[in-house]
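# this one's structure only:
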Ligand SMILES: Nc1ncnc2c1ncn2[C@@H]1O[C@H](COP(=O)(O)OP(=O)(O)OP(=O)(O)O)[C@@H](O)[C@H]1O
């Protein structure tokens, strides 16, 4: 049992539906993620992973129930909670016509960093993510992999304690995938809690220690990946995933 003070995320009785009740519905969801974890949220297309990420980060507002990040309620007027987490969304969240440096200046200022902090942190991130040489070029001409790395740099510019990542490696080559996963593990070693979704289950297996499988707005199973594999007698996450969510196509 995780003590309440060490929770990165605490979701209690979360209810949500889209207007007209189209799409996924959450009806009393509970989820706890301990601080420092590498947590993976998996499920078929349309299961509700992005919806849940958006509810956890305040982009969507619950009909009922609460989401707390490190003890701070999401959705209140207090801006303090916004600085605690970073979000790397599935859709690119930067200004395409600006360079990586200009984007980082913009988002760094939004998070309240001063000019010196932004300059130092940007130089460090661009170096780690292999973007130094193109730091002054417009992002719109970048490859998909380079854009994913810019998206990641923006999500961590303010050194967040929790990092949400919605399919951070979709459409990238092996080199970029490797670099991103390596960097995420480093961040986690330094204390950042990772909350990640992906359909790349082999990649996920190397990253996530703790998982939840969601389907149709419900958590089908959650727990330590190793323990779940042992319990169900499966070799890997893909086998476990198919066992628990079935083989039917989802629309
Ligand atoms: N703004 C919206 N209005 C109505 N329905 C929506 C909206 N956004 C998503 N949905 C629907 O809610 C369901 C869950 O979508 P969501 O994007 O959360 O799933 P997901 O698990 O992230 O899927 P994927 O793996 O394909 O990214 C889908 O049926 C989707 O069509």
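Here it is on my side, so go on. Being a predicted model, the structure only gives us computed values, none of them experimental.

# residues in the chain within reach of the ligand, list them.
18, 22, 23, 24, 43, 45, 46, 47, 48, 49, 50, 51 (CB under 6 Å from any ligand atom). No exception for glycine: its C-beta is placed from N, CA and C like everyone else's.

# in stretch 35-47, what's buried?
Within stretch 35-47, the residues that qualify as buried are 35, 36, 37, 38, 39, 40, 41, 42, 43, 44, 47, counting by 16 or more other CB atoms under 10 Å.

# kindly check the end-to-end length of that stretch for me.
25 Å (CA to CA, to the nearest Å).

# just stretch 157-176 next, same as before
Taking CA to CA, the first and last residues of stretch 157-176 lie 19 Å apart.

# check which residues of it are buried.
157-169, 172, 176.

# got the buried residues of stretch 35-47 as TSV, with pLDDT and secondary structure columns?
Putting the buried residues of stretch 35-47 into TSV (pLDDT from 0 to 100; DSSP: H, G, I helix; E, B strand; the rest coil) gives the following:
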residue	pLDDT	secondary structure
35	97	coil
36	97	coil
37	97	coil
38	98	strand
39	98	strand
40	98	strand
41	97	strand
42	96	strand
43	95	coil
44	95	coil
47	94	coil
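
# return the member of those residues nearest to residue 6.
Nearest to residue 6 among the buried residues of stretch 35-47: residue 35, at 5.0 Å, using CB to CB.

# checking the residue nearest to that closest one when sequence neighbours are not counted next. Helix, strand or coil?
Nearest in space to residue 35, with sequence neighbours left out and distances taken as CB to CB, 6 or more residues apart in numbering, is residue 8 at 4.4 Å. Under DSSP: H, G, I helix; E, B strand; the rest coil, residue 8 falls in the strand class.

# which residues sit in contact with residue 8?
By CB atoms under 8 Å, 6 or more residues apart in numbering, residue 8 lies in contact with 33, 34, 35, 36, 37, 69, 70, 161, 162, 193, 195.

# could you dump these to a markdown table with distance to residue 244 and secondary structure?
A markdown table is the format used below for the contacts of residue 8 (distance: CB to CB, whole Å; DSSP: H, G, I helix; E, B strand; the rest coil):
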| residue | distance to residue 244 | secondary structure |
| --- | --- | --- |
| 33 | 19 | strand |
| 34 | 22 | strand |
| 35 | 26 | coil |
| 36 | 26 | coil |
| 37 | 20 | coil |
| 69 | 27 | strand |
| 70 | 30 | coil |
| 161 | 30 | coil |
| 162 | 26 | strand |
| 193 | 24 | strand |
| 195 | 20 | strand |
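
# from the residues you listed, which single one is nearest the ligand?
Using CB to the nearest ligand atom, residue 195 comes nearest to the ligand of the contacts of residue 8, at 13.4 Å.

# noted, bye for now.
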